[in-house]
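>>> this is the structure alone, sequence omitted:
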DNA sequence: ATCGTTGCAAATGTTTTGCATGTCA
DNA sequence: TGACATGCAAAACATTTGCAACGAT
């Protein structure tokens, strides 16, 4: 009944790349990283595994400015936002209780319910700016 | 030298639809709205005009959760964020000086430069929740 | 032997672009 | 007239899906 999740070579490979990545990377970048390691994994499989990891809340996903989705191993399970380097993808997880409260308040003031928010900060990190 | 922006029927039509729209709408929805009005405008032209309006800062654009871009006539020229109804697209422009400051501070704390941020609040508006 | 997984190719859906034609100024 | 605008079809993208073959348990 409950789907058994199998431990395949491809799943392990995707997970391993994610572990070694410092920042956010697109599915295509991850696919390329796998090729560089000599691991042959179909692009669709990369997408499928990333999606599974996101569903399992083991990976964070966010949409970059150009609309492509970026993935990164989740560091903190709690709700948080990101400060992401638009050049190298390095990211810092940021907790923003103050912002959460602000967002909730704004929404409530206008009678909105089921509120969610998207907050991402993009910039160039110190290393890339050097 | 400087491109002259011509006042074509199509440009006027797109602009008119934007004026009548209450909230954010996708390029395709705008294209459909034009058809309903009996205005024949190519989809590419809709995209081109919307992009031109965004460049001219006469229209706000944001990316919905599914990755499609939504457009809306700009109410306030200053920097602001949106509280958007995920059901009908109705939107409230929100100024968040406190949040701007927070975002800038977080970025500075980590040595990031050229900082930008994306903050959107999605919810269901009072009318749609009723 | 199952039944989830994979790979590939094809399909999707949005947005962009090449280019010949139209048209505003 | 002449530069910008348009329309269409095709291209470009990221992402998803159908399906037969594969492989972990």
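Yes, it's here. Predicted model, so just to flag it, every value in this text is computed and none were measured.

>>> so where is chain A shaky, pLDDT-wise?
A:1-2 (pLDDT under 70).

>>> stretch A:46-60 near DNA strand C anywhere?
Yes: interface with DNA strand C: stretch A:46-60 contributes A:48-49 (Cβ under 7 Å from any atom of the strand). Where C-beta positions appear, they are placed from N, C-alpha and C, glycine not excepted.

>>> check the offset of that stretch from the chain's centre.
In terms of Cα atoms, centre = their mean, to the nearest Å, the centre of stretch A:46-60 is set 9 Å apart from its chain centre.

>>> give me the residues contacting it.
In this structure, residues lying in contact with stretch A:46-60 by Cβ atoms under 8 Å, 6 or more residues apart in numbering or on different chains are A:5, A:10-11, A:14-15, A:18, A:24, A:27, A:30-31, A:34, A:61, A:71-74, A:77, A:82.

>>> same deal with stretch A:80-99?
Outside stretch A:80-99, the residues that touch it by Cβ under 8 Å, 6+ apart are A:21-25, A:60, A:62, A:64-65, A:70, A:72, A:75-76, A:78-79, A:119-125, A:127-128, B:98-99, B:102, B:106-107, B:110, B:112, B:114, B:119.

>>> mind checking which of those land in strands?
A:25, A:60, A:62, A:70, A:72, A:119-124, B:114, B:119 (DSSP state E).

>>> just the buried residues from those, in ChimeraX please.
This is the ChimeraX syntax for the buried subset of these, where burial follows 16 or more other Cβ atoms under 10 Å in any protein chain shown:
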select /A:25,60,62,70,72,119,120,121,122,123,124 /B:119
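
>>> of the ones in strands among the contacts of stretch A:80-99, which are in range of DNA strand D?
Contacts with DNA strand D within these, counted by Cβ under 7 Å from any atom of the strand: none were found.

>>> mind putting the ones in strands among the contacts of stretch A:80-99 into TSV with distance to residue B:44?
Output for those, formatted as TSV (distance: Cβ to Cβ, whole Å):
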residue	distance to residue B:44
A:25	32
A:60	35
A:62	29
A:70	29
A:72	35
A:119	33
A:120	30
A:121	34
A:122	29
A:123	34
A:124	34
B:114	32
B:119	31
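
>>> up against DNA strand D, what does chain A have?
Proximity of chain A to DNA strand D, by Cβ under 7 Å from any atom of the strand, involves residues A:4, A:6-9, A:26-28, A:43-44, A:47-48, A:51, A:67-69.

>>> show me which of the ones in strands among the contacts of stretch A:80-99 is closest to DNA strand D.
Taking Cβ to the nearest atom of the strand as the measure, residue A:70 is the one of the ones in strands among the contacts of stretch A:80-99 closest to DNA strand D, at 7.9 Å.
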